[in-house]
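**Student:** Mind folding the following:
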Amino acid sequence: MREIQYEIVKEIAVLSRNSGGYTKEINLIAWNGHEPKIDIRSFSSNREKCGRGITLSADEAAALLEVLKKELDHR
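**Tutor:** Okay, the predicted model is just below:
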């Protein structure tokens, strides 16, 4: 099985931290040498482990932002 490699190109924000030390983060990450994409996932405190997450292109992130704005405006 091929090892997955990633490089955090830019740290954007830490959204939360749980009692186990994991943080839910938004970062710009280059996976396996590809172009960096916006990535939302949890990481252990030393970033040796990461949870499942979602990776978005700039267009997908913009679409998500618009949908979330509309949803939050209705609350």
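
**Student:** How is Lys70 classified with respect to secondary structure?
**Tutor:** Following DSSP: H, G, I helix; E, B strand; the rest coil, we place Lys70 in the helix state.

**Student:** Offset the numbering so it begins at 21, please.
**Tutor:** Happy to do that; since the first residue is 21 now, the last one works out to Lys90.

**Student:** Now do the contacts for it.
**Tutor:** By Cβ atoms under 8 Å, 6 or more residues apart in numbering, no residues touch Lys90. Every residue, glycine included, has its C-beta placed from N, CA and C.

**Student:** What distance do you get for it to Ala83?
**Tutor:** 11 Å (Cβ to Cβ, to the nearest Å).

**Student:** got it, and Ser65?
**Tutor:** Taken as Cβ to Cβ, the span from Ser65 to Ala83 is 32 Å.

**Student:** now do Lys69
**Tutor:** Taking Cβ to Cβ, one finds Lys69 at 30 Å from Ala83.

**Student:** Going by neighbour count, which residues of the helix or strand harbouring Ala81 are buried?
**Tutor:** According to DSSP states H and E, Ala81 maps onto helix 78-93. Within helix 78-93, the residues that count as buried by 16 or more other Cβ atoms under 10 Å are Ala81.

**Student:** Show me the strands in this structure, by range?
**Tutor:** Here the chain has its strands, by DSSP state E, at 26-37, 43-51, 57-63, 74-76.

**Student:** which other residues reach the third one?
**Tutor:** With Cβ under 8 Å, 6+ apart as the test, strand 57-63 has contacts from 32, 35, 38, 42-51, 69-78, 80-81.
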